[in-house]
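Engineer: Following is a predicted model, sequence given first.
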Amino acid sequence: MTHLPGEALSTASEADLAQAERFVAGEWLFVRGVPSLEFLPEADRAEVAFAGRSNVGKSSLINALVGQHGLARTSNTPGRTQELNFFRPPDQGAGRLLYLVDMPGYGFAKAPKHKVQVWTRLVKDYLRGRATLKRVFLLIDARHGLKPVDSEVMKLLNEAAVSFQIALTKVDKISATSREALHLSTMEALKAHPAAFPQVLLTSSTRGDGLPELRAVIAGFAA
């Protein structure tokens with residue numbers, strides 16, 4: 001993989017990447033949609049969640065990550081994901097205990113205001129109270145960069161002491177020069193957020209950019 005100037009090199013070794021490929025192999029399963037906290041699955045394994053503005057490409061990235069088209073629902077309509085959707089790998093043996101969580105998008109969901117408020121409260125309560133949540137991947141559309149609403153979510157993650165890592169999505173849609181500039185400006189913005197992991201991933205669900213590194217990070221949390 002070619003790294004941009006100033007980009008933090010992946011710390012994943014070839015062995016880590018091979019383990020990650022094995023980890024995502026097989027048909028992943030949808031566990032349940034969670035409309036409120038009382039429906040959360042048992043907290044018996046690590047969880048990795050994906051957050052981002054509506055239409056940032058969360059579902060597409062999850063599908064590409066596990067190599068399974070249609071696992072997470074995708075839509076051109078912002079706000080399609082209205083619950084916390086939990087997924088797990090097929091093999092529940094050693095090294096495969098993990099949940100991936102697709103969180104409701106935020107920002108400009110085309111839904112009644114009261115529904116958006118319910119989703120927002122659900123997300124905040126989940127972030128503040130789930131001890132098994134190991135990392136949130138905060139997805140940012142590379143075409144638009146960080147927005148004020150993203151900064152608000154990062155502040156919430158800081159307050160909840162939840163480790164988060166930014167993954168820029170749709171990097172295939174912008175030029176190499178723009179990617180470099182965006183990467184550097186995003187890294188600079190992260191300095192103000194103590195809960196941020198100091199490496200930004202550049203991803204594309206269609207071209208596969210950054211997916212091996214993302215898999216390696218996630219596989220490292222599995223028990």
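Structural biologist: On my side now, so go ahead.
Engineer: Where does the prediction get shaky in this structure?
Structural biologist: 1-12, 19, 23-25, 74-81, 92-95, 108-111 (pLDDT under 70).
Engineer: can you give me the strands in it?
Structural biologist: 29-34, 46-52, 84-88, 98-102, 133-141, 164-169, 201-202 (DSSP state E).
Engineer: Phe137 pairs with what?
Structural biologist: Phe50, Gln165 (DSSP bridges).
Engineer: Looks like Met187 contacts Leu202 (just checking).
Structural biologist: No. Judged on Cβ atoms under 8 Å, Met187 makes no contact with Leu202 at a distance of 11.4 Å. To be clear about C-beta, it is placed using only N, CA and C from the backbone, and glycine gets the same treatment.
Engineer: so who does the residue nearest to the spatial centre of the chain touch?
Structural biologist: Nearest residue to the geometric centre of the chain (Cα atoms, centre = their mean): Phe50, 2.7 Å. Listed by Cβ atoms under 8 Å, 6 or more residues apart in numbering, the contact set of Phe50 reads 58, 61-62, 100-103, 136-137, 139.
Engineer: Go again with 10 Å.
Structural biologist: 56-59, 61-62, 65, 72, 81, 85, 100-103, 105, 135-139, 167 (Cβ atoms under 10 Å, 6 or more residues apart in numbering).
Engineer: cool, Arg53 as well?
Structural biologist: Per Cβ under 10 Å, 6+ apart, neighbours of Arg53: 78, 105-109, 138-141, 144, 147, 149-150, 153.
Engineer: Now that we have these, which of them are buried?
Structural biologist: Neighbour counting by 16 or more other Cβ atoms under 10 Å classes 78, 105-107, 109, 138-141, 150, 153 among those as buried.
Engineer: Throw the residues you listed into a markdown table and include distance to Arg207, thanks.
Structural biologist: A markdown table is the format used below for those (distance: Cβ to Cβ, whole Å):
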| residue | distance to Arg207 |
| --- | --- |
| Pro78 | 23 |
| Gly105 | 22 |
| Tyr106 | 26 |
| Gly107 | 25 |
| Ala109 | 27 |
| Leu138 | 21 |
| Leu139 | 16 |
| Ile140 | 17 |
| Asp141 | 15 |
| Asp150 | 23 |
| Val153 | 26 |
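Engineer: and Gly57, how many neighbours does it have?
Structural biologist: 25 (other Cβ atoms under 10 Å).
Engineer: which ones are touching it?
Structural biologist: 50, 63-64, 74, 105, 139-142, 167, 169-170, 203-206.
Engineer: returning to that earlier point: name the nearest of the buried ones among the contacts of Arg53 relative to Thr120.
Structural biologist: Proximity of these to Thr120 (Cβ to Cβ) peaks at Tyr106, which lies at 6.9 Å.
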